[in-house]
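Asks: 3D, please:
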Amino acid sequence: MAYIGREIPVFDLTGGQASNRPITSLDPNQALELDNVHSLPGGGIKLRQGDTAVNSSAFASGNAFTGLQYYKLANDTEFLAGVAGTVVGKMDYSTGAPDGTWDTITGSLSLTGGQNNLWHSFVANNIAYFVGGANDTAFTWTGTGNATAIGGTFPDGKFGFFHNNRIFVGNTTANPSRLAHSTLSDLEDFSGDGSGTVDVDPDDGDKLIGAAPLNTDVVLLFKRNSIHQLVTTSAPFSRFPLYRNIGLAGSKALVIHQGVAFFITPQGRMKATNGSEVIDFPPDMDDVWNSIPKDRLQYVQGYFDQGKDFRHIKWIVSSSGSSSNDLCIVWDLDKKSWWRNTTGHKMNAITHDITDDIIYAGHYDGVTYQKNIENIFTDASESGVGIAGFWRWGWHTDQSFQTALQIQRLNVSFLGQTSGNLQVQYGFNFIKDKLTVDLDMTVAGGQFDIDTWDLAQWGGQSDDIDHLFILGRGNAFNVKFSNAEIGQAFQLNGFTISGKAKAQKNIEVS
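Replies: Numbering: from 1, shown residues only. Presented below is the predicted three-dimensional model:
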């Protein structure tokens, strides 16, 4: 970038975090680091939205949720069903939303506790099924009474799913490389006519980890070091090996979106496949993936999330030194870039209310939270603390380290708010945040409960521009934007850098 005598526009901020690249070679739309913000279709960024607690009292003595399922009966009655510790519970809906009370429905079930004994759940034929845990006995709940263990020939596998009017269960203790399927006439019959099993390279020293139904005819089967295709058009099903030396880290480290399986490998990398090719992704945030404890990669959980201005694949992972999930790594499907949220995502079980398009998450504290609440910028899951977000540019030079930057002004475009300040921090020569300036984001207008209706001009949201005179000089420049008050929403549309004429002098700042 040539700054002298020019104005440099930066109105595309959607390149995501590129902390794995050299700090002086980032693209203009990339951030050296960022937190709790996401991209906008027009090129700007905004603070992410927060969560609220669904149940005020901790369920199951505050044990971690290990399973969660949105469950809607054919008569439109809705529930949440879940597992926390050794307890199974259900939550009724009232006026279209969960009523906030978990009721115990464990009955005579005997479950193995522990935050890492994750359950796979699904709804089939108007019944909620739970498979997994610590290879515990699978169980069902019909919407009334207590949950019930499934007897007979139903396998006690590590994962299960419903596909093409059959239930599939994989990885039993006796046969870790086997996938079994039920009959068509009875979803809990795994020995009758039409049932069967598929052994996936049982002698390779590996085991089945998970499965991805891509469409009505194809399921991808994942081991840690291989991927296979199962053709489910008609039984007996045919299995074909697809890829070697690539596989799945954990049974929930898998998201299926629009016929594509996004997955995390045991090496801690996101890849995707539609069954015809394997897709790699930019290494711009490999440093963050590398920081995940290796023994926690098997517990990565993924899900698809969307709002009115974003579509994300989200991975809930463990940060360095953590023994539980506490970090969210985001892949922006539209901008093809990486983002992250370091707070608000201590999630261990996730479900999607498909009727109202709402994400519910069970955390490690026995509480279920509704995520991504519009116009809420605090996290109940973080004790009600406001969300702190920021976006930091890379270190940019004037095409050479030998040329001193001649910057006169920073012109910032943002969306006006009813209150709050946008904090701008900048520095030179790799000394970041040397100077701090707060820009008032308040839009002028009347105040609620003070001014008179029909007379006052009410404050609202509209774009605004503020100008900062830059103090200091150096060969490399960096700027950071954040909310000065945590929990205060902000939207940054972009900025421009005005270069000085050569004859002008800079002010030195010590």
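Asks: Tell me how far the closest residue to Asp186 other than its chain neighbours lies from Thr140.
Replies: Spatial nearest neighbour of Asp186, chain neighbours left out: Gly192 (6.5 Å); criterion: Cβ to Cβ, 6 or more residues apart in numbering. For every residue, glycine as well, the C-beta is placed using N, CA and C. Distance of Gly192 to Thr140, computed by Cβ to Cβ, to the nearest Å: 18 Å.
Asks: Those two - which one has more neighbours?
Replies: It is Thr140, of Gly192 and Thr140, that has more neighbours when counted by other Cβ atoms under 10 Å, with 18 against 13.
Asks: beta partners of that one?
Replies: Tyr129, Thr148 (DSSP bridges).
Asks: correct me, but it touches Asn126?
Replies: No - Thr140 is beyond contact range of Asn126, at 10.6 Å (criterion: Cβ atoms under 8 Å).
Asks: So what's the predicted local confidence for the nearest residue to Ser195 once chain neighbours are set aside?
Replies: Excluding the flanking residues, the one nearest Ser195 by Cβ to Cβ, 6+ apart is Thr183, at 4.8 Å. With respect to pLDDT, Thr183 scores 97.
Asks: tell me the phi and psi of Leu32?
Replies: The phi/psi pair for Leu32 (degrees, to the nearest 10) reads phi -70, psi -40.
Asks: before we move on, the earlier item: state the three-state secondary structure for the residue nearest to Asp186.
Replies: Here Gly192 is coil, with the state taken from DSSP: H, G, I helix; E, B strand; the rest coil.
Asks: Repeat that for the one 10 residues further on.
Replies: Reduced to three states with three-state DSSP, the structure at Pro202 is coil.
Asks: Please list all residues in contact with the residue lying closest to it once chain neighbours are set aside.
Replies: Nearest-residue entry for Pro202: Ser177, 4.1 Å, with adjacent residues in sequence omitted and distances by Cβ to Cβ, 6+ apart. Ser177 is in contact with Asn171, Asp199, Val200, Asp201, Pro202, Asp204, Asp206, Lys207, Leu208, Lys223, counting by Cβ atoms under 8 Å, 6 or more residues apart in numbering.
Asks: and the residue nearest to Ser195, helix, strand or coil?
Replies: Secondary structure state of Thr183, per three-state DSSP, is coil.
Asks: Let me see the ranges of the helices in the chain.
Replies: All helices of the chain, identified by DSSP state H, fall at 286-290.
Asks: quick check: domain ranges of it?
Replies: Domains of the chain are assigned by automatic domain parsing as 7-47+390-499, 50-256+340-381.
Asks: Out of those domains, which gets nearest to Asn290?
Replies: Among those, the nearest to Asn290 by Cβ to Cβ is domain 7-47+390-499 (8.5 Å).
Asks: quick one: the closest one to chain centroid distance?
Replies: Distance of domain 7-47+390-499 from its chain centroid, counting by Cα atoms, centre = their mean, to the nearest Å, is 25 Å.
Asks: Next, the distance between the ends of it.
Replies: By Cα to Cα, to the nearest Å, the extent of domain 7-47+390-499 from end to end equals 6 Å.
Asks: rewinding a little: residue contacts, the residue nearest to Ser195?
Replies: Going by Cβ under 8 Å, 6+ apart, Thr183 touches Arg166, Asp189, Phe190, Gly192, Asp193, Gly194, Ser195.
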